[in-house]
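S.K.: would you be able to build a 3D model of this:
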Amino acid sequence: MNPATAAENPEIALTAETASDPAPETQDGRRLRGDRTKRAILAKAVDLASVDGLEGLSIGRLASELGVSKSGLFAHFGSKLELQLETVQTASELFEEQVWQPVADREPGVVQLVALMESWLRYFRDPDNDGGCFFSNAYHEFDARPGPVRDAIAAQKRRWMAAIVHHVKAASTRGQLKAGTDPEQLAFELDAVGSLANSLWQLENDEKAFGRAQTAIRTWLHASATASGRRALTAAGISC
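M.R.: Sure thing, here's the model as predicted:
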């Protein structure tokens, strides 16, 4: 094993040494350690796929990056397709952790909707995401490639859009958005703004794109808000 890789990925190093570890261990302990190891492996797979694409991801490449043997990874993934699908699932879990969980405690309604969209904008620029947003890249890579990988990517996109619609409806239910506001249309527009900002960031390294996106999101929601919604936004320090 590559010593530097082992130091950077202690869970992976731990697993590589299991065969020589004589200490007894419970079945639950082994399962927990195995789960942590697989999560560390898949997090690395997400990083690689964000840069090189899911088609560029292979068990051999992943093993090389981690400094472990291919045979060790075959114990976790029986095929490239299985690796790709589990990478998509892990990327979905990481997206939830990095985008949704930081705003889960915000005031439900229009305030939480703005917080969610701005958390998404921050996620695009996270320096830990080597290739930018995993899913933005995957959408383009697989939009014309039918099969289980595209199905998994499309399912994540549907979940994201459904989440925005849910928060728009929650704000409407609280009387914070004007009557007649179309949740699906507003969700479409909010997603389009963030997606464009990310494209400008990736293609042009445009530092201003996210500021423009934030202004657009706040302007639209202030314009769509009722007096109650605008008070909630103002109280939360969310201005146009």
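
S.K.: the helix or strand containing residue 164: what's the following helix or strand?
M.R.: Per DSSP states H and E, residue 164 falls inside helix 148-173. Next helix or strand after helix 148-173 toward the C-terminus (DSSP H and E): helix 183-204.

S.K.: just want the angle from whatever helix or strand comes next after that following helix to helix 183-204.
M.R.: Using DSSP H and E, the next helix or strand after helix 183-204 towards the C-terminus is helix 209-224. Interaxial angle, helix 209-224 versus helix 183-204 (axes from the mean of the first three to the mean of the last three C-alpha atoms, to 10 degrees): 160 degrees.

S.K.: for helix 209-224, packing partners?
M.R.: Contact analysis of helix 209-224 by 3 or more C-beta pairs under 8 Å, 6 or more residues apart in numbering; DSSP states H and E lists helix 110-124, helix 183-204, helix 227-235 as its packing neighbours. (C-beta placed from N, C-alpha, C; glycine too.)

S.K.: alpha carbons of that helix, in PDB - could you do that?
M.R.: Taking Å, rounded to 0.1, in the frame of the first residue of the first chain, the C-alpha atoms of helix 209-224 are listed here in PDB:
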ATOM      1  CA  ALA A 209     -22.100  34.200 -11.400                       C
ATOM      2  CA  PHE A 210     -23.100  33.100  -7.900                       C
ATOM      3  CA  GLY A 211     -23.800  36.600  -6.700                       C
ATOM      4  CA  ARG A 212     -26.100  37.100  -9.700                       C
ATOM      5  CA  ALA A 213     -27.800  33.900  -9.000                       C
ATOM      6  CA  GLN A 214     -28.300  34.800  -5.400                       C
ATOM      7  CA  THR A 215     -29.700  38.200  -6.400                       C
ATOM      8  CA  ALA A 216     -32.100  36.600  -8.900                       C
ATOM      9  CA  ILE A 217     -33.300  34.000  -6.400                       C
ATOM     10  CA  ARG A 218     -34.000  36.600  -3.700                       C
ATOM     11  CA  THR A 219     -35.600  39.000  -6.100                       C
ATOM     12  CA  TRP A 220     -38.000  36.400  -7.500                       C
ATOM     13  CA  LEU A 221     -39.000  35.200  -4.000                       C
ATOM     14  CA  HIS A 222     -39.500  38.800  -2.700                       C
ATOM     15  CA  ALA A 223     -41.600  39.500  -5.700                       C
ATOM     16  CA  SER A 224     -43.600  36.300  -5.200                       C
END
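
S.K.: done for today, thanks.
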